[in-house]
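In: Have a look; sequence and predicted model below, questions after that.
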Amino acid sequence: MLVDHGSPPPPAALAAAPPAHGSPARRNAARGAGLLAATGLLLAVAVASIAVGAKDIPLDQVWHGLFHYAGTDDDVVIRKLRLPRTLLGLMVGAALGVAGAAMQALTRNPLADPGLLGVNAGAAAAVVTGISFLGVTSPGAYVWLALAGAAAVSVLVYAVGGSRSATPVRLALAGTAVTALLQGWSSAVQLTDSVALDRMRFWQVGSLASADLATVRRIAPFLLVGALLALATARPLNAIALGDDTARGLGARLTSTRILVMAAITLLCGAATAACGPIVFIGLMVPHVVRGVTGPDMRWILPYAAVLSPVLLLGSDVLGRLLTRPAELQVGIVTAVIGGPAFIALVRRGRTAQL
């Protein structure tokens with residue numbers, strides 16, 4: 001029996017045929033719906049961060065403080081304390097999540113976190129040095145010190161890792177070595193300077209308590225540039241995940257991509273760490289959860305991480321405010337307590353998503 005392979009099927013048959021293999025369009029629609037749901041969850045957590053705290057404030061007064069500020073005590077709490085704190089949590093959470101996802105893709109290491117390349121250690125070393133030797137006492141100055149330290153360490157790690165011949169393994173090893181060196185320096189300075197130790201112990205634990213609008217404005221440009229750089233490298237990072245040789249065959253520029261990703265991580269982690277100290281597990285755990293939902297495509301991982309990481313950070317901050325009323329538990333402690341057991345459970349169940 002002869003079959004005509006040249007004639008197309010009728011339009012009715014095309015309309016009735018199901019998409020093959022769960023088509024890319026269907027998968028992207030599901031991912032988009034998930035991202036929309038995650039955004040709704042983020043909005044709910046942000047509202048809770050503004051409305052809930054050590055002091056009980058009725059919802060109508062929360063609304064009044066946000067949109068009809070009159071200078072009352074409740075208005076001051078909402079506008080001057082909780083709103084900047086929530087904004088900073090949104091920005092820092094998104095920065096840590098995006099930086100963690102980019103770090104894991106760059107090093108092809110699913111256990112990488114934003115501290116692997118020494119960014120956090122560089123920021124901390126710069127701050128403790130400024131406190132001890134330069135007499136810096138203003139939290140606003142900590143931001144510039146931390147950013148300078150993060151940038152300097154990124155350049156050092158890239159140079160030690162081989163510069164243009166750098167590989168993921170070399171970068172990870174160089175970052176580990178530099179981190180150990182800087183942590184030793186920071187510890188030595190603090191042990192010999194009680195003033196530095198006293199000031200650093202509050203900064204190093206990780207907290208949003210000192211947030212203000214000036215800090216938000218100060219770090220916003222760095223976070224914006226870092227986020228744009230990370231998003232711009234999503235496609236070449238997908239190629240790098242297949243291996244250097246395959247990535248070159250696909251036209252990816254490995255050296256320029258690695259430089260841009262390291263610049264993005266430096267800006268994101270440096271600014272976030274400068275604003276509220278090092279906060280652990282956000283950049284490590286959230287990309288794992290995200291990758292299990294989106295698959296390995298960085299074009300989806302980065303937006304998901306940018307939305308879900310602030311959910312974890314702000315949720316932990318709200319929990320810390322409620323657990324020890326009228327005092328509060330710093331968010332860095334809460335994320336460590338939540339993130340440690342949760343990540344161990346993921347590893348033991350074999351559910352860590354591979355790159």
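Out: Perfect, I can see it now.
In: Can you name the element that comes right after the lowest-mean-pLDDT helix or strand in the chain?
Out: Using mean pLDDT, DSSP states H and E, helix 11-16 stands out as the lowest-scoring helix or strand of the chain, at a mean of 39. Per DSSP states H and E, the first helix or strand lying C-terminal to helix 11-16 is helix 24-51.
In: Could you tell me the angle between the direction of the next helix-or-strand element following that next one and that of helix 24-51?
Out: Note on helix 24-51: by DSSP H and E, the next helix or strand toward the C-terminus is helix 59-67. Helix 59-67 runs at 100 degrees relative to helix 24-51, counting by axes from the mean of the first three to the mean of the last three CA atoms, to 10 degrees.
In: which secondary structure elements does the next helix or strand after helix 59-67 contact?
Out: Next helix or strand after helix 59-67 toward the C-terminus (DSSP H and E): helix 73-76. Counting contacts by 3 or more CB pairs under 8 Å, 6 or more residues apart in numbering; DSSP states H and E, helix 73-76 packs against helix 59-67. Heads up, the C-betas are built off the backbone N, CA and C, glycines and all.
In: Pull out the CA atoms of the helix it packs on and give them to me as CSV.
Out: This file holds the C-alpha atoms of helix 59-67, laid out as CSV (Å, rounded to 0.1, in the frame of the first residue of the first chain):
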residue,chain,number,x,y,z
LEU,A,59,-3.9,46.2,60.3
ASP,A,60,-5.7,49.5,59.8
GLN,A,61,-2.8,51.2,61.6
VAL,A,62,-0.4,49.4,59.3
TRP,A,63,-2.2,50.7,56.3
HIS,A,64,-2.2,54.2,57.9
GLY,A,65,1.5,54.1,58.5
LEU,A,66,2.2,53.1,54.9
PHE,A,67,0.0,55.5,53.0
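In: now for it, which elements pack on it?
Out: helix 24-51, helix 73-76.
In: Just give me how far the first one sits from the chain centre.
Out: When you say that, I think you mean helix 24-51. 17 Å (CA atoms, centre = their mean, to the nearest Å).
In: Pull out the buried residues from that helix.
Out: For helix 24-51, burial by neighbour count (16 or more other CB atoms under 10 Å) applies to 27, 31, 34, 35, 38, 42, 45, 46, 48, 49, 50, 51.
In: Which pLDDT value goes with residue 219?
Out: Per-residue confidence (pLDDT) for residue 219: 90.
In: Verify the contact between it and residue 142 for me.
Out: No: taking contacts as CB atoms under 8 Å, residue 219 lies outside contact range of residue 142: 11.0 Å.
In: thinking again about what came up before, just flag whichever of the helices and strands packed on helix 59-67 has the lowest average confidence.
Out: Mean pLDDT is lowest for helix 73-76 among those, at a mean of 88.
In: hey, C-alpha coordinates of it in CSV?
Out: Provided in CSV are the C-alpha atoms of helix 73-76 (Å, rounded to 0.1, in the frame of the first residue of the first chain):
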residue,chain,number,x,y,z
ASP,A,73,4.3,55.9,67.2
ASP,A,74,2.7,53.1,65.1
ASP,A,75,3.4,55.1,61.9
VAL,A,76,7.1,55.5,62.8
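In: Identify the residues contacting it?
Out: For helix 73-76, the external contacting residues (CB atoms under 8 Å, 6 or more residues apart in numbering) are 57, 61, 62, 64, 65, 69.
In: Show me just the buried residues among those residues.
Out: Buried members of the contacts of helix 73-76, counted by 16+ other CB under 10 Å: 57, 61, 62, 64, 65.
In: Pick out whichever of these sits closest to residue 108.
Out: Among the buried ones among the contacts of helix 73-76, residue 62 lies closest to residue 108 (CB to CB), at 45.5 Å.
In: The closest one touches residue 78, doesn't it?
Out: Yes: when contacts are counted by CB under 8 Å, residue 62 is listed as touching residue 78 (5.7 Å).
In: how about the nearest residue to residue 215, chain neighbours excluded?
Out: Spatially, and ignoring its direct neighbours in sequence, residue 215 is nearest to residue 275 (5.4 Å; CB to CB, 6 or more residues apart in numbering).
In: Now the one you found: which helix or strand?
Out: Going by DSSP H and E, residue 275 is in helix 254-276.
In: Now do the buried residues in that helix.
Out: Neighbour-count burial for helix 254-276 flags 254, 257-276 (criterion: 16+ other CB under 10 Å).
In: Give me the residue ranges of this structure where confidence is low.
Out: Within the chain, the stretches with pLDDT under 70 are 1-22, 139, 164-166, 202, 346-347, 349-355.
In: returning to what we had before: shared neighbours of residue 219 and residue 142, anything?
Out: The contact lists of residue 219 and residue 142 share residue 274, where a contact means CB under 8 Å, 6+ apart.
In: middle-most residue in this protein, spatially?
Out: Taking CA atoms, centre = their mean, the centroid of the chain lies closest to residue 96, which sits 1.3 Å from it.
In: so it touches residue 271, yeah?
Out: No: judged on CB under 8 Å, residue 96 makes no contact with residue 271 at a distance of 10.4 Å.
In: now residue 296: how far from residue 213?
Out: 38 Å (CB to CB, to the nearest Å).
In: meant to ask about residue 48
Out: Residue 48 sits at a distance of 20 Å from residue 213 (criterion: CB to CB).
In: same thing with residue 219?
Out: Taking CB to CB, one finds residue 219 at 11 Å from residue 213.
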